[in-house]
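Chemist: I would like to see how this sequence folds:
(one chain, ligands or ions: 1)
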Amino acid sequence: MAHFSKQIPFRVGDRVKLELDWKHRYNAMRLHSALHLLAGVFDSKFKERAVAGVVKSNSAYLVFKHELLDNIINRAIEQANEDIKNGLEIQTYWDKNRKGFRWCKINGYPPIPCGGLHVKNAGEIGKIDLAGKELEQGKQKITISLIVTRQ
Ligand SMILES: [Zn+2]
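Modeler: Down below sits the predicted model:
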């Protein structure tokens, strides 16, 4: 998350007041959770593992090592939207054996290493919409946006 300041510079020990842009933050949490859910679906139902995930301001994308069939992309998004409807629980927790290592686990899917912020329940994500699919140097990029049904 970016921090913007009206009074720079400030020094170590200075007292600063922070204001959270909740609308922006919550949107990023939803997109981030959506990527984890979708990556979980691709991995466990279609044996396709994403190699990268990026959250932008109004969209997010996953990258795969090779091209994916349209049918698989569509079915994965359908499944993720079904999971959203079913309100799967999303948990984050620290690894007991590896210090500083954190996991995100969505009910029914394998945990994924994660340092980011999530919504607590998939139902908060909204509906996942396929916003684009591109091939970049043989790698499949799948961009999603969210149709938000509640604020
Ligand atoms: Zn994450």
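Chemist: count of residues packed around residue 63?
Modeler: Residue 63 has 15 neighbouring residues, counting by other CB atoms under 10 Å. Using the backbone N, CA and C atoms, a C-beta is placed for each residue, glycine as well.
Chemist: mean confidence for stretch 132-143?
Modeler: Mean pLDDT, computed over stretch 132-143, is 97.
Chemist: so how far is it off the chain centroid?
Modeler: Computed by CA atoms, centre = their mean, to the nearest Å, the chain-centroid distance of stretch 132-143 equals 17 Å.
Chemist: how about that stretch: buried residues?
Modeler: Buried residues in stretch 132-143, counted by 16 or more other CB atoms under 10 Å: 140, 142-143.
Chemist: Contacts made by it with the rest, please.
Modeler: Residues outside stretch 132-143 that contact it (CB atoms under 8 Å, 6 or more residues apart in numbering): 38, 51, 59-68, 70, 73, 130-131.
Chemist: Please write out the alpha-carbon positions of stretch 129-144 in CSV.
Modeler: In CSV, the C-alpha atoms belonging to stretch 129-144 read as follows (Å, rounded to 0.1, in the frame of the first residue of the first chain):
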residue,chain,number,x,y,z
ASP,A,129,-15.5,-10.9,-14.6
LEU,A,130,-13.0,-11.9,-17.2
ALA,A,131,-11.6,-8.5,-18.4
GLY,A,132,-9.0,-9.9,-20.8
LYS,A,133,-6.7,-12.7,-21.8
GLU,A,134,-3.4,-12.1,-23.5
LEU,A,135,-0.4,-14.1,-24.6
GLU,A,136,2.8,-12.4,-23.8
GLN,A,137,6.0,-14.2,-24.9
GLY,A,138,4.1,-17.5,-24.7
LYS,A,139,2.8,-16.8,-21.2
GLN,A,140,-0.9,-16.6,-20.5
LYS,A,141,-2.1,-13.5,-18.7
ILE,A,142,-5.7,-13.5,-17.4
THR,A,143,-7.1,-10.2,-16.3
ILE,A,144,-10.1,-9.9,-14.1
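Chemist: Having no further points to raise, I will conclude here.
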